[in-house]
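A.B. asks: please find the sequence and the predicted model below.
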Amino acid sequence: MFLLWAKIKASLAALFWGAIAILLPVLYILGRKDGASKEQVQKAEEAVKAEKKKAEFYREMGEDKDEIVRSKPTNKSDLVNRLRNNGL
């Protein structure tokens, strides 16, 4: 009776450890794939942030350029008046 119980217990333990030995590499591979996809998403989000920052910079530079063009004197009297009011 005890011998039969020991054999059943040993075979169940062997099946358990065998299943773990089979599942462990599978779980490792799935985890690596998931980690790689998360890293790709993170890199894509960083690239989008950088592009938005770059677009914002160029938009602000365009506005500054437009402001310079608008305040640029068009003739001699405008230049003289601006220099008298604002100085150099």
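C.D. replies: Good, I have the coordinates. Since the structure is predicted, the reported quantities are computational estimates derived from the model, not experimental observations.
A.B. asks: how about low-confidence regions in this protein?
C.D. replies: 1 (pLDDT under 70).
A.B. asks: give me that answer again for 80
C.D. replies: Within the chain, the stretches with pLDDT under 80 are 1-2, 66-74, 87-88.
A.B. asks: which residues of it fall in helices?
C.D. replies: In the chain, the helices defined using DSSP state H lie at 2-71, 76-86.
A.B. asks: now find how far off-centre the last one is within its chain.
C.D. replies: Read that as helix 76-86. 50 Å (CA atoms, centre = their mean, to the nearest Å).
A.B. asks: now do stretch 14-26
C.D. replies: With CA atoms, centre = their mean, you get 36 Å for stretch 14-26.
A.B. asks: ditto for stretch 71-84
C.D. replies: For stretch 71-84 - counting by CA atoms, centre = their mean - the centre lies 49 Å from the chain centre.
A.B. asks: using PDB, write out every CA atom in it.
C.D. replies: Extracted in PDB, the C-alpha atoms of stretch 71-84 (Å, rounded to 0.1, in the frame of the first residue of the first chain):
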ATOM      1  CA  SER A  71       8.000  95.400 -37.800                       C
ATOM      2  CA  LYS A  72      10.600  95.900 -40.500                       C
ATOM      3  CA  PRO A  73      10.600  99.500 -41.700                       C
ATOM      4  CA  THR A  74       9.500  99.900 -45.300                       C
ATOM      5  CA  ASN A  75      11.000 103.300 -46.000                       C
ATOM      6  CA  LYS A  76      13.400 105.800 -44.700                       C
ATOM      7  CA  SER A  77      11.000 107.800 -42.500                       C
ATOM      8  CA  ASP A  78       9.700 104.600 -40.800                       C
ATOM      9  CA  LEU A  79      13.300 103.700 -40.000                       C
ATOM     10  CA  VAL A  80      14.000 107.200 -38.600                       C
ATOM     11  CA  ASN A  81      10.900 107.200 -36.500                       C
ATOM     12  CA  ARG A  82      11.600 103.700 -35.100                       C
ATOM     13  CA  LEU A  83      15.200 104.700 -34.200                       C
ATOM     14  CA  ARG A  84      14.000 107.900 -32.500                       C
END
